[in-house]
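>>> With the input below, show me the fold.
(2 chains)
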Protein chains: 2
Amino acid sequence: MKAEILATGDEIRSGSLVDSNSAYIAQKLEETGIEVIRHSCVGDDMESLEAILKEISSRADVAVVTGGLGPTDDDMSSEAAARAAGVTLAPDSEAMKCVEEFFRKRNYPMSPSNEKQGMLPRGSKCIYNPVGTAPGFSLKIGECSFFFIPGVPFEMRKMLSEGVLPRILKLQGNEKKFCMVKTISTFGLGESVTGERLAELPEKFPGVKLGLRASFPEIQVKLYANGEDETVLKNMVGKAADWVVQKMEKRVFSAEGHSMEAVVGELLNQKNATLALAESCTGGMISNWLTNVAGSSDYFLFSGVTYSNDAKIKVLGVSPDTLARYGAVHEETAKEMAEGARRVGEADYGLSTSGIAGPGGGTDEKPVGTVCIGLASPESVKARSFCFRFGRRAMNKTIFAMTALNMLRRELLAD
Amino acid sequence: MKAEILATGDEIRSGSLVDSNSAYIAQKLEETGIEVIRHSCVGDDMESLEAILKEISSRADVAVVTGGLGPTDDDMSSEAAARAAGVTLAPDSEAMKCVEEFFRKRNYPMSPSNEKQGMLPRGSKCIYNPVGTAPGFSLKIGECSFFFIPGVPFEMRKMLSEGVLPRILKLQGNEKKFCMVKTISTFGLGESVTGERLAELPEKFPGVKLGLRASFPEIQVKLYANGEDETVLKNMVGKAADWVVQKMEKRVFSAEGHSMEAVVGELLNQKNATLALAESCTGGMISNWLTNVAGSSDYFLFSGVTYSNDAKIKVLGVSPDTLARYGAVHEETAKEMAEGARRVGEADYGLSTSGIAGPGGGTDEKPVGTVCIGLASPESVKARSFCFRFGRRAMNKTIFAMTALNMLRRELLAD
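I've put the predicted structure just below:
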């Protein structure tokens, strides 16, 4: 079965609103083994709506349409669907009941414009909306089964899972397919080099599709397979994943698609170890990432975001001599920062960053993009320097933070 | 002129990535007075790509296409464009130069697959990519002028503004209209309440279009006007903006659309004042935001991300008695944290957060969403508590951070 997704509404068409619904619906459809072939978006315009509904009906077996079911004049999905199907609108007792019930339950007065929401194209079936005023509906246009649901994300998600996906699964009948997806998170190689390194995959594992997703500076390797036998698929994708992990070597930080901060947190948890940070150039980005993970207070104790040299000396105990002799961006300083964070935070590990994120502050010797990372463990302290060439401040901060966490991750694995 | 936008790529088609590029492009096109009639998305599939390019060429005057310009096999935009236009691919000296230059500047080895990026459809014009390996190109297919640019948002934005929009403006020729846009950044009211409060705008200022853009927890009020006389437009939008600022009162933090962290930084700069933070529940988010602003080292000195109580005592000098008597999430603790940050960081202002971001840690008395914010100035120290009901950890951290910066902003304005 081939599916299409249509988002309607002037806010999305004109760009004042980003359409996140279509991605959500696509993911849910692909997970049930249905191939999504196209997304589209048009505004609140009757001609465009009617035209695109007809086009979709000529290409797809199923389609999910969001938006345009509200009570106002610019909500025209029902009317457009009726026109595309060549039928008229008629009061639908179930839809009418949905709308009335919504207002009665909340003790809201019903406005005359809400009655419009009880009118559906003849031949359509109402889709109950448990959380809003606008009922949805399904309707066959040509050979394609359309499902119309509201565009409010919260209502859309609820109705998709309760009212739409079960009906689509029924339509699939014997055709039902499984879709297996596996995500492997990597860091350290660019998208093109990763692509080249994995180029043999389609040949070695027929039936497994490879996708690369760059979310700077991480590259996610995605493996997809569709078919009828879930066990066969699992086995197939699993073998391909093992091959990818072997090919990408130490660049793989999660074979389960987890984030770097979650992986580091999990390793610290496993070792029952704690962490403190000393962040200069990353400016709190590493601690912000780490504390996005629920439960991070189990292992994350403290970060000293020491932007000024005074703070490095006073809070972390970095020696003024070291700063005077080597400067803030130096391996010796990074070592003292890491040791200071470990000591002050009373943690098992101390991790530090000091570098030049730009745009200013670079010199010939230490250009923008230079970072020194220090790592203090219960046994030792070490530091390494890196020089990246991304130019932009935000990218530099991000790759500095990722490199530091990756250095800690490898230390935790080696111990 | 009618425009369409096409996003390509399996990640977007299958929903693993939300397409935020198309909204961005739509907004920019509408701002220059061009009507966007449709967005579409297809995957990395030659047949689908060729078909949709032909369809678009039959409907639109201009089209912007993102993605598929990378070096790997699933990057097929150039080939698809060539097929749709009925031409062949050929090495393009300008495109080749772009690719080579990128690698030379960075001292990276060029891989053979990058050479593919120097091949463009015959008759196309290269669009220079100042920040990545993939050059873009423009090509006429039928009567429609297509602009192909990369899907990486950072590269897309740069090339859209430098390489695409100027060419589209040229195409507009005599049709040229000015589009005036003004963005007012607000915080403190939801989208619907903001909409209601500004409902009279279209009536009071005919010709000015109102758009609301929610970027949690900020609501941007956007005012648009199109026309031929730039001075008239400026005057019209300026008056409407004044009215919005008056209506939204203290919720406006920038009448120029700046970010909260930039506004706070600017105020600190103006007063020649410095800032230190003590972050518990925000986990480094505030310092991360502040240090995203270039030049922030002029006023930002230190943040103690004190997740553990020990760190609060040891680094910030919070009294163990206060912690024992009131707990970490309390106005008294927040005050001592703010004072401690100010003292340790040797700053003029100290700002602190302590709260419960969730999902765990809430009680009946202090539910998830509770935050205490402390603010120490050269003259005094104060604290306030807030309770938000967003549920999600990431949203809580964000609104805590924004509320804290807003409290500091208002203090800086009041002084």
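>>> Find the nearest non-adjacent residue to A:Ile37, please.
In space, and not counting its chain neighbours, A:Ile37 is closest to A:Lys2: 5.0 Å by Cβ to Cβ, 6 or more residues apart in numbering or on different chains. Every C-beta, even on glycine, is put in place using the N, C-alpha and C of the backbone.
>>> How about the residues of the stretch 1-150 of chain A by chain B?
Contacts of the stretch 1-150 of chain A with chain B, taken as Cβ under 8 Å from any Cβ of the partner chain, map to A:11-20, A:22-30, A:36-43, A:48, A:52.
>>> Quick one: classify the residue nearest to A:Ala334 when sequence neighbours are not counted as helix, strand or coil.
Leaving out its chain neighbours, the residue that sits closest to A:Ala334 by Cβ to Cβ, 6+ apart is A:Gly374, at 3.3 Å. Classification of A:Gly374 by DSSP: H, G, I helix; E, B strand; the rest coil places it in strand.
>>> Strands of the stretch 101-250 of chain A, residue ranges please.
A:119-121, A:125-127, A:136-141, A:144-149, A:178-187, A:209-215, A:218-227 (DSSP state E, counting those that start in this stretch).
>>> For the residue of the stretch 51-200 of chain A found nearest chain B, grab the count of nearby residues.
Nearest residue of the stretch 51-200 of chain A to chain B: A:Gly195, at 3.6 Å (Cβ to the nearest Cβ). Here the count is done by other Cβ atoms under 10 Å in any protein chain shown, and A:Gly195 has 23 residues near it.
>>> Equivalent analysis for A:Lys105, please.
With other Cβ under 10 Å as criterion, A:Lys105 counts 8.
>>> can you check the one 3 residues further on too?
Burial of A:Tyr108, expressed as a neighbour count using other Cβ under 10 Å, amounts to 11.
>>> for it, what are its contacts?
Each residue near A:Tyr108 by Cβ atoms under 8 Å, 6 or more residues apart in numbering or on different chains is listed here: A:Phe102.
>>> hmm, try it at 10 Å
If you count contacts by Cβ atoms under 10 Å, 6 or more residues apart in numbering or on different chains, A:Tyr108 has them with A:Phe102, A:Asn114, A:Thr133.
>>> what do you get for A:Pro130?
A:Cys98, A:Glu101, A:Phe102, A:Glu155, A:Lys158, A:Met159, A:Glu162, A:Gly163 are the contacts of A:Pro130 under Cβ under 10 Å, 6+ apart.
>>> most packed of the strands of the stretch 101-250 of chain A?
The highest mean neighbour count among the strands of the stretch 101-250 of chain A, using mean count of other Cβ atoms under 10 Å in any protein chain shown, belongs to strand A:144-149: a mean of 25.
>>> how big is the angle separating that one from strand A:136-141?
160 degrees (axes from the mean of the first three to the mean of the last three Cα atoms, to 10 degrees).
>>> what lines up beside strand A:144-149 in the sheet?
strand A:62-66 (parallel), strand A:136-141 (antiparallel) (DSSP bridges).
>>> Export stretch A:42-52 to PDB, keeping only CA atoms.
Coordinates of the C-alpha atoms in stretch A:42-52 are reproduced here as PDB (Å, rounded to 0.1, in the frame of the first residue of the first chain):
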ATOM      1  CA  VAL A  42      -1.600  23.700   0.200                       C
ATOM      2  CA  GLY A  43      -3.300  26.700   1.800                       C
ATOM      3  CA  ASP A  44      -7.000  27.400   2.600                       C
ATOM      4  CA  ASP A  45      -8.100  27.700  -1.000                       C
ATOM      5  CA  MET A  46     -10.900  25.600  -2.400                       C
ATOM      6  CA  GLU A  47      -9.500  25.200  -5.900                       C
ATOM      7  CA  SER A  48      -6.100  24.000  -4.700                       C
ATOM      8  CA  LEU A  49      -7.600  21.700  -2.200                       C
ATOM      9  CA  GLU A  50      -9.900  20.000  -4.700                       C
ATOM     10  CA  ALA A  51      -7.100  19.700  -7.200                       C
ATOM     11  CA  ILE A  52      -4.600  18.100  -4.900                       C
END
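>>> who's in contact with it?
Stretch A:42-52 has contacts (Cβ under 10 Å, 6+ apart) with A:4, A:6-14, A:40-41, A:53, A:63, A:65, A:67-68, A:72-77, A:79-85, B:35-40, B:59.
>>> average pLDDT for the strand or helix carrying A:Ala81?
A:Ala81 belongs to helix A:77-85 when elements are defined using DSSP states H and E. Helix A:77-85 carries an average pLDDT of 97.
>>> do the same with stretch A:358-376
What stretch A:358-376 shows for mean pLDDT is 95.
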